[in-house]
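> Structure here, sequence nowhere to be found:
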């Protein structure tokens with residue numbers, strides 16, 4: 001964008017320079033010609049006054065004498081610059097320093113711009129005034145236009161150079177402003193990229209100009225400071241709460257065991273102990289999630305989801321074979337780049353495979369499919385188990401706590417874990433009963 005603006009500024013500068021030069025040439029020409037005409041008009045008026053002061057032959061003699069005097073005073077230059085001629089109606093010269101023609105005298109009374117050779121003089125532009133004195137005689141007064149070229153060659157190049165210099169200076173200032181603006185924007189983009197990757201400690205560096213970006217960077221830093229305080233506070237509270245819950249559960253378990261030793265129903269004690277163990281395991285999962293989210297190596301970055309799935313499939317292939325369940329991967333040949341945490345996706349995929357294996361009967365199969373749809377990737381794990389009674393993840397987790405154990409309970413706490421990771425990465429989880437089997441689809445945006 002800046003290159004277009006820079007090119008536009010250069011073109012505008014050149015156009016202004018040419019326009020200024022052309023306008024200056026016209027203005028200089030008009031000014032010089034107007035000045036020459038004023039001088040010639042005064043010369044004509046003076047000669048006319050001499051003619052009007054006398055009568056007859058005396059008037060012509062007085063005008064001839066005055067023209068001769070003026071011609072003599074102008075002969076100092078090698079090339080005459082001023083023309084004074086007294087002519088007859090037939091174009092013949094009475095007195096003067098140039099020749100004329102009958103056509104010029106009889107048909108062109110007034111102002112003329114002619115070449116010097118039409119007056120038998122050196123070539124060059126001349127401004128001439130033809131003024132009749134009576135019915136037979138006229139005076140021709142003219143001046144060579146030499147100052148126009150001199151002024152044009154001295155003033156116009158200087159004017160064009162000045163415009164170009166001003167354009168260059170303005171371009172330089174634009175370049176500096178654009179560079180400073182790009183640098184400031186790059187700083188802000190770095191901060192946003194770090195925040196997107198999970199780093200909330202980076203702040204925008206001090207930006208002095210422009211004023212709007214300075215205020216924006218200050219607001220961004222203030223918002224990030226508040227966000228960091230909130231996240232650290234929530235992390236601390238969640239860890240403390242999870243530890244306290246686990247401690248209380250262990251104390252409760254110890255008390256139940258001690259009560260069992262003095263005769264409380266062993267079935268009730270065993271059931272409560274199992275539930276406490278499972279709840280404690282859930283708290284351990286919460287603590288693990290809190291731990292990995294606050295660890296630098298678990299930050300968001302570009303990862304290949306296809307490689308993660310391949311790694312998990314290779315890891316579980318022997319386990320599936322031992323359980324007489326076929327594991328069928330259907331993966332693309334190209335990389336599937338997403339922005340996410342590698343360890344979290346490792347945990348998610350292994351969780352899905354573990355749940356599918358636990359829900360699958362012998363001599364069945366589990367397919368793992370990864371495909372791209374528009375700007376997203378969809379990971380689907382399909383087993384041939386009994387499916388689930390509800391497609392709500394929270395209800396499945398609640399069923400997983402019941403005392404009546406079945407294959408579908410294996411999807412409970414594990415799917416909560418998968419759903420949390422999916423939401424963490426801007427995706428969504430979808431469950432679908434296939435009769436037989438359960439299809440679990442994870443949709444994650446690509447890295448673009």
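Now that the structure is in, tell me what you want to look at. Being a predicted model, the structure only gives us computed values, none of them experimental. Numbers count the residues shown, from 1 in each chain.
> Please report the distance of residue 447 from residue 336.
Look at residue 447 and residue 336: by CB to CB, to the nearest Å, they are 9 Å apart. The C-beta positions use only the backbone N, C-alpha and C, and glycine is treated the same way.
> Between these two, point out the one with more neighbours.
The residue with more neighbours, out of residue 447 and residue 336, is residue 336; 22 against 17, by other CB atoms under 10 Å.
> Is it correct that residue 349 is in contact with residue 307?
No - with contacts defined as CB atoms under 8 Å, residue 349 does not count as touching residue 307, sitting 10.8 Å away.
> so what's residue 359 closest to, chain neighbours aside?
For residue 359, ignoring the flanking residues on the chain, the nearest one in space by CB to CB, 6 or more residues apart in numbering is residue 385 at 3.5 Å.
> Tell me where the protein has helices.
Counting by DSSP state H, residue ranges of the helices within the chain are 2-53, 57-73, 102-107, 147-196, 211-261, 266-293, 305-322, 342-359, 393-399, 412-424.
> More neighbours: which of residue 349 and residue 307?
For residue 349 against residue 307, the residue with the higher neighbour count under other CB under 10 Å is residue 349, and the figures read 26 against 14.
> Excluding covalently adjacent residues, which one is nearest to the more buried one?
Take residue 349 and drop its neighbours on the chain: the residue closest to it by CB to CB, 6+ apart is residue 312, 4.2 Å away.
> Now do the same contact list for the one you found.
Residue 312 makes contact with 346, 349, 350, 353 under the criterion CB atoms under 8 Å, 6 or more residues apart in numbering.
> which residues of the stretch 251-400 of the chain score low on pLDDT?
Scanning the stretch 251-400 of the chain for pLDDT under 70 picks out 253, 256-257, 259-299, 394, 397-400.
> how many degrees apart are the strand ranked longest in the chain and helix 305-322 in direction?
With DSSP state E setting the assignment, residue counts place strand 364-373 as the longest strand in the chain. Taking axes from the mean of the first three to the mean of the last three CA atoms, to 10 degrees, strand 364-373 and helix 305-322 form an angle of 170 degrees between their directions.
> Partner strands of strand 364-373, with direction?
Paired neighbours of strand 364-373 in the sheet (DSSP bridges): strand 325-330 (parallel), strand 376-382 (antiparallel).
> Buried deepest among those, which one?
Burial of the strands paired with strand 364-373 is given as mean neighbour count (mean count of other CB atoms under 10 Å); strand 376-382 ranks first at a mean of 20.
> For residue 10, see how far away the nearest residue to residue 157 once chain neighbours are set aside is.
Closest residue to residue 157 in three dimensions, ignoring its sequence neighbours and counting by CB to CB, 6+ apart: residue 21, at 7.9 Å. Residue 21 sits at a distance of 17 Å from residue 10 (criterion: CB to CB).
> quick one, phi psi at residue 97?
Geometry field for residue 97 lists phi and psi as phi -110, psi 20, criterion degrees, to the nearest 10.
> From residue 161, how far out is residue 21?
When distances are taken as CB to CB, residue 21 and residue 161 turn out to be 10 Å apart.
> which of those two has more neighbours?
The residue with more neighbours, out of residue 21 and residue 161, is residue 21; 19 against 12, by other CB under 10 Å.
> which residues touch that one?
Residues in contact with residue 21, defined by CB under 8 Å, 6+ apart, are 156, 157, 159, 160.
> Okay, domains of the chain per the record?
Under the assignment named as automatic domain parsing, the residue ranges that make up the domains of the chain are 2-150, 211-293, 300-445.
> What residues sit buried inside stretch 154-172?
Within stretch 154-172, the residues scored as buried using 16 or more other CB atoms under 10 Å are 156, 160, 163, 164, 167, 171.
> which non-adjacent residue is nearest the third one?
Read it as residue 163. If the residues on either side of it in the chain are set aside, residue 163 comes closest to residue 17, at 4.2 Å by CB to CB, 6+ apart.
> Now for the one you found: which residues touch it?
Contacts were defined as CB under 8 Å, 6+ apart; by that measure residue 17 touches 160, 163, 164, 167.
> Look up how far residue 145 lies from it.
With distances taken as CB to CB, residue 17 is found 26 Å from residue 145.
> likewise residue 10?
Look at residue 10 and residue 145: by CB to CB, they are 36 Å apart.
> now do residue 345
Applying CB to CB, the value for residue 345 to residue 145 is 87 Å.
> Those two: which is more packed in?
When neighbours are counted by other CB under 10 Å, residue 345 and residue 145 differ, and residue 345 comes out ahead with 25 against 17.
> which residues sit in contact with that one?
Shown here is residue 345, whose contacts under the criterion CB under 8 Å, 6+ apart are 303, 305, 308, 421, 425.
> Quick one: closest of the strands paired with strand 364-373 to residue 189.
Nearest to residue 189, of all the strands paired with strand 364-373, is strand 376-382, at 24.0 Å by CB to CB.
> and the closest one, how far out from the chain's middle?
In terms of CA atoms, centre = their mean, to the nearest Å, the centre of strand 376-382 is found 35 Å from the chain centre.
> Report the angle between that strand and helix 412-424.
Computed by the same axes, to 10 degrees, the angle separating strand 376-382 from helix 412-424 equals 170 degrees.
> Can you pull out the residues in contact with strand 376-382?
The list of residues contacting strand 376-382 from outside it, by CB under 8 Å, 6+ apart, reads 305, 309, 336, 338, 349, 352-353, 356, 366-372, 427, 434, 437-446.
> Pull out the buried residues from these.
Judged by neighbour count, with 16+ other CB under 10 Å as the criterion, the buried members of the contacts of strand 376-382 are 305, 309, 336, 338, 349, 352-353, 356, 366-370, 427, 437-444, 446.
> Low-confidence ranges, the stretch 101-250 of the chain, go.
Confidence mapping of the stretch 101-250 of the chain against pLDDT under 70 gives the ranges 101-108, 147-151, 196-202, 204, 206-210, 228-249.
> Would you mind measuring from residue 353 to residue 381?
When distance is defined by CB to CB, residue 353 is 7 Å away from residue 381.
> Please enumerate the shared neighbours of those two.
With contacts taken as CB under 8 Å, 6+ apart, residue 353 and residue 381 have 366, 368 as neighbours in common.
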